[in-house]
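Q: The amino acid sequence is not available; the structure is as follows:
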Ligand code: PMP
């Protein structure tokens, strides 16, 4: 064992009799009074009740104590007093000569440094009941103390100290002092785990000079209010180290004799977190840090029982209760402990890291509650529903910690939990979240950035909260501008969930009549549709003539053609040449507007252009945005020309409370920045082409794969039972999707027959992801065929 480290294990505390202490106090401080010896591990402490009633504390330092370390303590107390004058900490009383301390010769001739401190009244926390309120206040006070010390530095702070938890592995050789064999083995196992798994992670945490000793006998509670902390004393163990150690020491002091020691951990941590927000890495280590602190306390005390030194203390009693607390806490499952701590501090649910081997025992209960509270018809993806707790980039993680390659979700367009977007939201939400009745710059910066994405840049924006709302208001604007009432949409289109957009969503209205003002166009499907030859574009386009004529006959006229240029609900199609221009031209000729619903195809997804419709070489009158626009922050936008907006607002007022709030704009702007910085459109092009090439290779040997199509990172894979008859392989598609899910790859399905695999990953999906996806699809199709 490290020699420096052990010095306070075997050193003898100073032994000045009360008369000698009285003489020191009289000679150096000019005070007299009643002296009472207090227990200290390595110093000698006397509480002196002066004749005038004032109580002070005389501290005679161990002769081994480093004078620089003592100086650090003095300076730290002065620093704390300046930073947080209200924080109850002892104050140094100077000597008659005005010094912070004085030296005295001990009975054995050694020199001891002496100082006098103000005495804080109160009862020590280990002697009172621990209400949740008290435990939270303990956490809060420890955090305040850490804050007060944050800017403090002293060269002695790097000293080696037995009670620095990072020294714990050094003590493994002392385990022989623990008499109980089972307990000894458990402590050894704990120290080994700590050395291997916890120590390396401590190095990456925020560190500063910390108090490091807010244990059960150094924390005071108000005499007349046991729910409040009255002070934290004893600055003798200060070190420079991870801030979380302060919290761990404090928790370890209050876990004894508890039915549920984890509840105490949670309360103290929550109190700390309310003052100094914890990093999730810190919180996840807390359970182990507390456990190891108890192990170290056990080791030191067991050693002392065998090698009695200093003033009497009930060390055996302490060993017994610390042993019990250690065993009790050790019996708690580590993942459960971390999960409870996260919940207590209002973090999102805990996600076990790889290798932790956790299981999800909540799923059934959550499903039950879900159907009770959200209705039974809200279906879930996949036969075995997924309980997701975390996302990062192209990966999603379930509650057991299993990773899934996300090739389905387009809301996190620039990747799950992208740090740039997350930070933008956090910062803005901490500053201001209000509405467009006030003037704020963020919305204008964002609108400028959006306007720059359309030719000419002469654009205005209407801000809402979802794709549905964007389409709803775009539809109203189209009617106002055109003076017409009729709509053209694709058969099976989906444009939203409001009453107006539901009417524009025949895909969701199967079996119900299509609204009287809506006409559907045959999907330009060149794989299984009516026209497949070189003239397919023009032939499908002719359907618009029919539909426009019908609207005219009905006296409605054509107000708009609304289109998702990814043709997602039609099975992800690539329209044949000439089709888009034909329908858009016919719409305009009929006095209608072209509304490009970019909820699916926008923000570079199609690889070649910012907006999906642009890849067809046409111009839109209105662009509607949803889903990916805020990378998960709810936001919807309509981009249009000033005269179209004016025609609408001349007739009606329009206002959306949350639409375009500063936080939404910060999210939206951050998404645009990431798209550009990370060149994600080019990545979509590259990864998408690579992916489709891979699928086409699979199709050469797997006949179930009938057709592979798409643009950028929007891909459809149509499964058929027979390549001649094109009989849709719906059940097989379901089976393939579930097979892939079991193998950790997420895709969806689409199309009238539900036989088209829908692949639409976040745009950070690259060739590495594509390789995983191609392999998973190959295996699934082989097994299902
Ligand atoms: N348009 C399209 C093309 C969509 O795919 C969706 C959502 N699936 C919407 C509109 C509606 O968006 P939201 O769910 O945000 O209202």
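A: Received, thanks. Treat the numbers as computed from the prediction; the structure is a model and nothing was measured.

Q: next helix or strand past the strand or helix carrying residue 69?
A: According to DSSP states H and E, residue 69 maps onto helix 67-83. Following helix 67-83 in sequence order, the next helix or strand is strand 92-93 (DSSP H and E).

Q: re earlier: just checking, what packs against the helix holding residue 69?
A: Contact here means 3 or more Cβ pairs under 8 Å, 6 or more residues apart in numbering; DSSP states H and E; on that basis helix 67-83 packs against strand 92-93, strand 111-118, helix 132-149. C-betas here are computed from N, CA, C, even on glycine.

Q: Most tightly packed of those?
A: Greatest average neighbour count among these goes to helix 132-149 (a mean of 22), per mean count of other Cβ atoms under 10 Å.

Q: I'd like the mean pLDDT over that one, please.
A: If you average the pLDDT over helix 132-149, you get 98.

Q: now it, how far from the centre of its chain.
A: Relative to its chain's centre, helix 132-149 lies at 24 Å (Cα atoms, centre = their mean, to the nearest Å).

Q: That one to helix 67-83, inter-axis angle?
A: Computed by axes from the mean of the first three to the mean of the last three Cα atoms, to 10 degrees, the angle separating helix 132-149 from helix 67-83 equals 110 degrees.

Q: Tell me the spacing between residue 745 and the ligand.
A: With the distance defined as Cβ to the nearest ligand atom, to the nearest Å, residue 745 ends up 21 Å from the ligand.

Q: and that residue, bridged to which residues?
A: residue 405 (DSSP bridges).

Q: quick revisit: wait, which of the helices and strands packed on helix 67-83 is closest to the ligand?
A: For the helices and strands packed on helix 67-83, proximity to the ligand was assessed by Cβ to the nearest ligand atom; helix 132-149 is nearest, at 39.8 Å.

Q: next structured bit after that closest one?
A: With DSSP H and E, the next secondary element past helix 132-149 is helix 181-193.

Q: circling back to that earlier point, for the helix holding residue 69, give the mean pLDDT please.
A: Mean pLDDT, helix 67-83: 92.

Q: right, and residue 432 touches residue 666 too?
A: No. Contact criterion Cβ atoms under 8 Å: residue 432 and residue 666 do not qualify, at 9.8 Å.

Q: could you dump the helices and strands packed on helix 67-83 to a markdown table with distance to the ligand?
A: Shown next, in a markdown table, are the helices and strands packed on helix 67-83 (distance: least, Cβ to the nearest ligand atom, whole Å):
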| stretch | distance to the ligand |
| --- | --- |
| strand 92-93 | 63 |
| strand 111-118 | 62 |
| helix 132-149 | 40 |
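
Q: Could you list which residues are in contact with the residue nearest to residue 212 when sequence neighbours are not counted?
A: Nearest non-adjacent residue to residue 212, counting by Cβ to Cβ, 6 or more residues apart in numbering: residue 237, 4.5 Å away. Residue 237 makes contact with 161, 163, 211-213, according to Cβ atoms under 8 Å, 6 or more residues apart in numbering.

Q: mind checking which helix or strand residue 237 is in?
A: Assigned by DSSP H and E, residue 237 falls within no helix or strand.

Q: Tell me the spacing between it and residue 173.
A: Relative to residue 173, residue 237 is positioned 22 Å away (Cβ to Cβ, to the nearest Å).

Q: Same check on residue 231?
A: In terms of Cβ to Cβ, residue 231 sits 37 Å off from residue 173.

Q: Compare the two (neighbour count), which wins?
A: Using other Cβ atoms under 10 Å as the criterion, residue 231 and residue 173 rank with residue 231 on top: 18 against 11.

Q: who does that one bridge with?
A: Beta bridges link residue 231 to residue 220, judged by DSSP bridges.

Q: residue contacts, it?
A: Neighbouring residues of residue 231 by Cβ under 8 Å, 6+ apart: 88-90, 120, 122, 219-220.

Q: try residue 360
A: Applying Cβ under 8 Å, 6+ apart, the residues near residue 360 are 387, 398-400.

Q: Hey, what's the angle from whichever helix in the chain runs longest to helix 181-193? Just curious.
A: In the chain, ranked by residue count with DSSP state H as the criterion, the top helix is helix 280-306. With the same axes, to 10 degrees defining the directions, helix 280-306 sits at 140 degrees from helix 181-193.

Q: Just the buried residues of helix 280-306, please?
A: Going by neighbour count (16 or more other Cβ atoms under 10 Å), the buried part of helix 280-306 is 280, 282-304.

Q: hmm, back to that, buried residues, the helix holding residue 69. List them.
A: Buried residues in helix 67-83, counted by 16+ other Cβ under 10 Å: 69-77, 79-81, 83.

Q: avg pLDDT for the next helix or strand after the longest helix of the chain?
A: Proceeding N to C from helix 280-306, the next assigned helix or strand is helix 315-330, under DSSP H and E. Here helix 315-330 scores 89 as its mean pLDDT.

Q: Enumerate the residues of the stretch 451-600 of the chain near the ligand.
A: 466-468, 471, 494-497, 564, 597, 599-600 (Cβ under 6 Å from any ligand atom).

Q: Give the PyMOL command for selecting the buried subset of those.
A: Here the buried members of these are turned into a PyMOL selection, burial being counted by 16+ other Cβ under 10 Å:
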select buried, resi 466+467+468+471+494+495+496+564+597+599+600
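
Q: Verify the stated contact: residue 107 with residue 15.
A: Yes. Using Cβ under 8 Å, residue 107 is in contact with residue 15, at 6.2 Å.

Q: Residue 176 is in contact with residue 184, isn't it?
A: Yes. Residue 176 lies in contact with residue 184 (Cβ under 8 Å); the separation is 7.5 Å.

Q: Please say which of those two ends up with more neighbours.
A: The residue with more neighbours, out of residue 176 and residue 184, is residue 184; 18 against 12, by other Cβ under 10 Å.
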